[in-house]
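In: this one's sequence-less:
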């Protein structure tokens with residue numbers, strides 16, 4: 001089969017590799033669409049993936065074309081969205097119900113061949129069936145939505161909360177949409193990209209601005225969420241948290257990035273600083289939210305590319321042009 005492969009730092013090759021075959025509890029999926037994510041850029045920069053080469057693509061959906069001998073939960077022809085997380089279920093954190101912090105954490109598209117290929121293999125337990133009539137290509141959005149749902153799992157949820165979100169890319173927009181569903185009275189977004197701010201306005205944010213100074217609140221914000229991973233944005237966001245408020249580090253920074261904060265204010269204002277790592281018991285809920293129309297795929301997905309255009313799509317994503325870019329291998 002054809003696959004896009006990250007072979008080294010800033011090196012992408014279109015190659016031919018053997019078709020995957022299922023183990024007893026695996027399925028093989030013909031990939032309909034796979035999304036490009038900021039994590040893919042980190043892999044290209046030599047971070048996250050423990051070794052290269054690797055076939056990227058951890059956000060994907062498709063149709064089952066082959067099942068292992070012990071699979072009964074899905075059948076050939078079923079449309080599925082795939083949770084890429086691969087846990088050991090044996091380590092200290094898995095045993096404590098914190099599998100997303102697994103000491104042997106692996107993931108399809110990061111440590112195992114992913115969805116930037118014509119076919120991909122996944123454990124059947126990671127495959128979530130999609131209803132008939134759904135555009136399967138749009139279901140590549142379920143994985144990032146599952147990450148956003150996990151982010152909300154670590155936040156205090158109260159009616160009448162105000163949110164300030166840094167970043168109006170796909171993840172920032174998803175967090176914005178979930179905040180609106182969580183009873184927010186104000187969801188404002190900060191981004192330097194005018195096109196992305198326009199999308200945030202289209203989806204119905206309270207304000208879309210290029211600087212937090214444009215939406216200052218006298219008492220600060222109840223919840224501030226960083227979806228950029230950029231130290232300058234993180235530092236600015238920490239300064240905007242009100243007394244008793246929460247700062248969520250959701251965006252992925254470089255492994256060696258540093259951001260400073262004022263410890264006295266964290267103490268004196270009883271500010272909570274927390275993080276959210278990938279997916280934990282949130283994929284099925286994300287699938288259900290997606291099917292129920294919690295997000296608008298027509299707005300979130302801005303462009304699709306053929307598999308042999310993977311490098312071009314990554315270049316466009318890195319330049320900040322568009323929103324969610326998807327690859328359609330077949």
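Out: Arrived safely. Small disclaimer: the values here were computed from a predicted structure and weren't measured.
In: every contact and neighbour count from this point should use C-alpha atoms.
Out: Fine.
In: for the worst-scoring helix or strand of the chain on mean pLDDT, which outside residues touch it?
Out: Lowest by mean pLDDT, DSSP states H and E among the helices and strands of the chain is helix 38-44, with a mean of 93. Under the contact criterion C-alpha atoms under 8 Å, 6 or more residues apart in numbering, helix 38-44 has outside partners 6, 8-11, 48-49, 56-57, 110, 252, 254, 314, 318.
In: give me the buried entries from those.
Out: 6, 8, 48-49, 56-57, 110, 252, 314 (16 or more other C-alpha atoms under 10 Å).
In: mind checking how far residue 176 is from residue 70?
Out: Look at residue 176 and residue 70: by C-alpha to C-alpha, to the nearest Å, they are 41 Å apart.
In: more neighbours, the two?
Out: Between residue 176 and residue 70, counted using other C-alpha atoms under 10 Å, the more crowded position is residue 176 (29 against 11).
In: so who does residue 231 touch?
Out: Residue 231 touches 253, 257-259, counting by C-alpha under 8 Å, 6+ apart.
In: what about these, which one has the most neighbours?
Out: residue 253 (19 neighbours).
In: can you tell me the SS state at that residue?
Out: coil (DSSP: H, G, I helix; E, B strand; the rest coil).
In: check the contact between it and residue 232; I expect there is one.
Out: No: Residue 253 is beyond contact range of residue 232, at 11.2 Å (criterion: C-alpha atoms under 8 Å).
In: nearest to residue 228, of the contacts of residue 231?
Out: Closest approach between the contacts of residue 231 and residue 228, by C-alpha to C-alpha: residue 253, at 7.6 Å.
In: strands along the stretch 51-200 of the chain, start to end?
Out: Counting by DSSP state E, counting those that start in this stretch, the segments of the stretch 51-200 of the chain that form strands are 59-67, 79-82, 85-86, 106-107, 119-123, 127-129, 162-166, 186-190.
In: deepest in the core, which of the ones you listed is it.
Out: strand 79-82 (a mean of 28; mean count of other C-alpha atoms under 10 Å).
In: how far does that strand sit from the chain's center?
Out: With C-alpha atoms, centre = their mean, to the nearest Å as the basis, strand 79-82 stands 16 Å off its chain's centre.
In: report all helices and strands that it contacts.
Out: Contacts defined by 3 or more C-alpha pairs under 8 Å, 6 or more residues apart in numbering; DSSP states H and E place strand 79-82 against strand 59-67, strand 127-129, helix 142-153.
In: what helices or strands is the last one leaning on?
Out: Right, the one you point to is helix 142-153. strand 59-67, strand 79-82, helix 170-181, helix 283-291.
In: who's in contact with that helix?
Out: Residues from elsewhere that reach helix 142-153 (C-alpha under 8 Å, 6+ apart): 58-60, 81-84, 171, 174-175, 178, 248, 250, 275-287, 290.
In: my guess is residue 50 is in a strand, correct?
Out: No: under three-state DSSP, residue 50 sits outside any strand and is assigned coil.
In: I'd guessed it sits against residue 111; true?
Out: Yes: the criterion here is C-alpha under 8 Å, and residue 50 meets it with residue 111 at 6.8 Å.
In: reformat the contacts of residue 231 as CSV; add distance to residue 271 and pLDDT.
Out: Below are these laid out as CSV (distance: C-alpha to C-alpha, whole Å; pLDDT from 0 to 100):
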residue, distance to residue 271, pLDDT
253, 21, 94
257, 22, 95
258, 19, 97
259, 16, 97
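In: ok, of the residues you listed, which one's closest to residue 329?
Out: For the contacts of residue 231, the nearest to residue 329 is residue 253 (28.8 Å; C-alpha to C-alpha).
In: quick one, what contacts the closest one?
Out: Counting by C-alpha under 8 Å, 6+ apart, residue 253 touches 228-231.
In: from residue 321, how far out is it?
Out: For residue 253 relative to residue 321 (C-alpha to C-alpha), the value is 20 Å.
In: can you map out the helices along this protein?
Out: Remark: helices assigned in the chain by DSSP state H are 38-44, 92-95, 142-153, 170-181, 194-203, 231-240, 263-268, 283-291, 297-300, 310-318.
In: turn these into JSON lines, columns for distance to residue 327.
Out: Listed next are those as JSON lines, based on distance: least, C-alpha to C-alpha, whole Å:
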{"stretch": "helix 38-44", "distance to residue 327": "13"}
{"stretch": "helix 92-95", "distance to residue 327": "32"}
{"stretch": "helix 142-153", "distance to residue 327": "15"}
{"stretch": "helix 170-181", "distance to residue 327": "16"}
{"stretch": "helix 194-203", "distance to residue 327": "21"}
{"stretch": "helix 231-240", "distance to residue 327": "29"}
{"stretch": "helix 263-268", "distance to residue 327": "43"}
{"stretch": "helix 283-291", "distance to residue 327": "19"}
{"stretch": "helix 297-300", "distance to residue 327": "14"}
{"stretch": "helix 310-318", "distance to residue 327": "7"}
